[in-house]
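Peer 1: Fold the following and give me the result.
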Amino acid sequence: MSLLVQIPLMMASGLYGAGVGVRAWWYRRAGGRVHTLGRPVVSVGNLTVGGTGKTPLVIAIGDALLARGVDVTVLSRGYGGALERVGGLVSDGSGRRPLDWTDAGDEPALIARRLPRAAVIVGRDRASAWSRFGRARPPGVCLLDDGFQHLAIARDEDLLVLDATESYADAALLPRGRLREPLGALARASAVVVTRVDQAAPGAVEAIDALVRRVRSDVPMFYARFALSSLAAVGAGGTAPLDRLAGARVVAVAGIGRFKSFVSLLERAGAKVVATLRFRDHYPYRRADVDAVRARCRSVGADFAVTTEKDAVKLEALVASGEALWAVRMDVQVEDALAWSAWLDRVARLVAA
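Peer 2: Sure thing, here's the model as predicted:
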């Protein structure tokens, strides 16, 4: 990158960092209003833009708390959905079909599908959305999706997600780099989850450990990997075991933050990825995109195309039955399952307390 480009980016990052610092000071010291929701709040968020895996982690935490008999409400921004600005109830936890992604945003729509017994509320002004749609919810836990920078809501647990495939040693603030906040913001975390530990370069996990410990020597740390578990026919509703990928020639299609990680997971499941179609994160698909996927499959002699669950919620209305587009379900596996279960138990006990 030339110096003529670097200097303006460095200046812009400096201004951005100053604004982030003023905002944090305002909420911490100067009387910025912090709303309490009247129930335990667990925030799940990250320090960078792009996909660290927080949505699968929100789903995993929600599923575990529901299994413990705890009512769960997910409070999300609803990025890209029609309700982002005005707020709305995506799902009431009754198991009825949630709102479409065009209203909810793709990630809340996916969360509502995977957690049919949890309520999902969206809105850019999350405190206002909670006041309108969450106050009447039964006692339980609120999961604040992508909430690390959402300082206007008090939380009992601040779970920070770090991606082991991303380098933080020379990380820079936006727009020069990918950081939303300086690395010192790690001090706010009550626990850290390092994801994609199985895909990381040698020494990467240890480097993240050292970085975190320099800021917070006492913070609990967990280590997670993502695993594919099954296939679902997009638009048709059928399912298939994961071993259908073994030996199959596939086209990988996705609009997510960590596309290479998705391709790696397909290859680990035995698929031969013969072509890829990558779209920007939160991409709003059109029928022409489905036609492009089908054309690519024909041109490379692929058996079928494979996408993610998040993409599938946007593609299902565009795909006709038999068009050979499959979505893989991804689950989170946290190492030291006993320690993770103990953390979940402690969150569940917050409701009684």
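Peer 1: use CA for all of it now, contacts and neighbours both
Peer 2: Will do.
Peer 1: for the protein, which residue is closest to the average position?
Peer 2: Closest residue to the average C-alpha location of the chain: Thr55 at 2.7 Å, with Cα atoms, centre = their mean.
Peer 1: Excluding chain neighbours, what is closest to that one?
Peer 2: Spatial nearest neighbour of Thr55, chain neighbours left out: Glu107 (7.0 Å); criterion: Cα to Cα, 6 or more residues apart in numbering.
Peer 1: got the contact list for that neighbour?
Peer 2: Contacts here follow Cα atoms under 8 Å, 6 or more residues apart in numbering; on that basis Glu107 touches 55, 78-79, 310.
Peer 1: give the contact list for the nearest residue to Lys272 once chain neighbours are set aside.
Peer 2: Among residues not flanking Lys272 along the chain, Arg249 sits closest, at 4.8 Å (Cα to Cα, 6+ apart). Contacts for Arg249 (Cα under 8 Å, 6+ apart) come out as 271-274, 301-304.
Peer 1: Mind putting the residues you listed into JSON lines with secondary structure, distance to Val328 and pLDDT?
Peer 2: JSON lines is the format used below for these (DSSP: H, G, I helix; E, B strand; the rest coil; distance: Cα to Cα, whole Å; pLDDT from 0 to 100):
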{"residue": "Ala271", "secondary structure": "coil", "distance to Val328": "12", "pLDDT": "98"}
{"residue": "Lys272", "secondary structure": "strand", "distance to Val328": "15", "pLDDT": "98"}
{"residue": "Val273", "secondary structure": "strand", "distance to Val328": "14", "pLDDT": "98"}
{"residue": "Val274", "secondary structure": "strand", "distance to Val328": "17", "pLDDT": "98"}
{"residue": "Gly301", "secondary structure": "coil", "distance to Val328": "20", "pLDDT": "98"}
{"residue": "Ala302", "secondary structure": "coil", "distance to Val328": "17", "pLDDT": "98"}
{"residue": "Asp303", "secondary structure": "coil", "distance to Val328": "15", "pLDDT": "97"}
{"residue": "Phe304", "secondary structure": "strand", "distance to Val328": "13", "pLDDT": "97"}
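Peer 1: And these, which two are furthest apart?
Peer 2: Maximum pairwise distance among those (Cα to Cα): 13.8 Å, between Ala271 and Gly301.
Peer 1: Between those two, which is the more surrounded one?
Peer 2: Of the pair Ala271 and Gly301, Ala271 is the one with more neighbours under other Cα atoms under 10 Å, namely 22 against 14.
Peer 1: so where's the protein uncertain?
Peer 2: Counting by pLDDT under 70, the ranges of the chain that qualify are 1-5, 30.
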